[in-house]
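[1] model the structure of this input:
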Amino acid sequence: MVNIGRYEKIIEELKPHNATLVAVSKFKSVEDIQKLYDLGQRDFGENYVQELVEKQAQLPKDIRWHFIGNLQRNKVKYIAAFIHLIHGVDSFNLLKEINKQAEKSQRRISCLLQMHVAEEETKAGMDETEMVAFFEFLDAQKEQANHISIEGIMGMATFTEDENQVKSEFRQLKTLFQFIKNSYFIGKDDFRILSMGMSNDYPLALAEEANMLRIGSLLFGKR
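    Now for the predicted structure:
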């Protein structure tokens, strides 16, 4: 069930920050997504390719679909024609496949790089060393990404009640974002997204200048 009151509250909270809300709709019904759409929500995030493809076929075509899960290279082709933003690119091999499928679809696909700052090893993403190597390789292989637009970074904090730790990890992500922008995207406006913060910690993320949040359970209830 959609929590309309909570949705409206979060939208008001985001306005001063000019932040985008991605409503995480995995495992949620087409009917519930439509309810949020009818309230004006346009950005929705899905974790599984088959579920995303099925929902995209049934819902309004102006929805901006975000893929926020672990994307396997052999499944990129199923979403390449319509995906708005792929979160969580953490390898050059995945980026090359996205580029290949984007070229086939005659479009440019926007992506975020996933960075790892949390203590939990189960969380995916590149560390700083891997990130530098990624950009060095990208610089040498520009033709492998000419149908890609890297628009920012995303990351997840440790799932903990220690707010100081969460703040520290979000601050690390903000520092990485600024470093990448100043080192590799000087003078460019398309590197602009700092995606961090979920249902349990989004106010802390906003305090560290997040401009894209992924929120699910506060809007749709627990899965």
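
[2] contacting residues around the residue nearest the centre of the chain?
    Central residue of the chain (CA atoms, centre = their mean): His87, 3.6 Å from the mean position. Shown in contact with His87 (CB atoms under 8 Å, 6 or more residues apart in numbering): Gly45, His66, Phe67, Ile68, Cys111, Leu112, Gln114, Met154, Ser195, Arg214. Bear in mind the C-beta positions are built from the backbone N, C-alpha and C, glycine included.

[3] so it sits in a strand?
    Yes. Assigned with DSSP: H, G, I helix; E, B strand; the rest coil, His87 falls within a strand.

[4] hmm, back to that, out of the contacts of His87, flag the one nearest to Gly5.
    Arg214 (20.0 Å; CB to CB).

[5] CA atoms only: put the helix or strand containing that closest one into PDB for me.
    Counting by DSSP states H and E, the element that carries Arg214 is strand 212-215. The C-alpha trace of strand 212-215 is given here as PDB (Å, rounded to 0.1, in the frame of the first residue of the first chain):
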ATOM      1  CA  MET A 212      19.400  11.700  -5.600                       C
ATOM      2  CA  LEU A 213      17.800   9.400  -3.100                       C
ATOM      3  CA  ARG A 214      16.500   5.800  -3.400                       C
ATOM      4  CA  ILE A 215      13.600   5.300  -1.100                       C
END
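
[6] distance from that strand to the middle of the chain?
    Chain-centre distance of strand 212-215: 8 Å, with CA atoms, centre = their mean, to the nearest Å.

[7] Val166 - nearest residue in space that isn't next to it in sequence?
    Ala157 (4.5 Å; CB to CB, 6 or more residues apart in numbering).

[8] return the distance of that neighbour relative to Ile109.
    Distance from Ala157 to Ile109, counting by CB to CB, to the nearest Å: 27 Å.

[9] and the longest helix for the chain?
    helix 163-184 (DSSP state H).

[10] just for this protein, where's the confidence low?
    Residues of the chain meeting the criterion pLDDT under 70: 120-123, 223.

[11] now do the helices in this protein.
    Using DSSP H, the helices of the chain run over 4-14, 30-38, 49-58, 92-104, 128-140, 163-184, 202-207, 217-220.

[12] okay, those helices in TSV with distance to Ala118 next?
    Below are those laid out as TSV (distance: least, CB to CB, whole Å):
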stretch	distance to Ala118
helix 4-14	23
helix 30-38	28
helix 49-58	25
helix 92-104	20
helix 128-140	14
helix 163-184	6
helix 202-207	13
helix 217-220	19
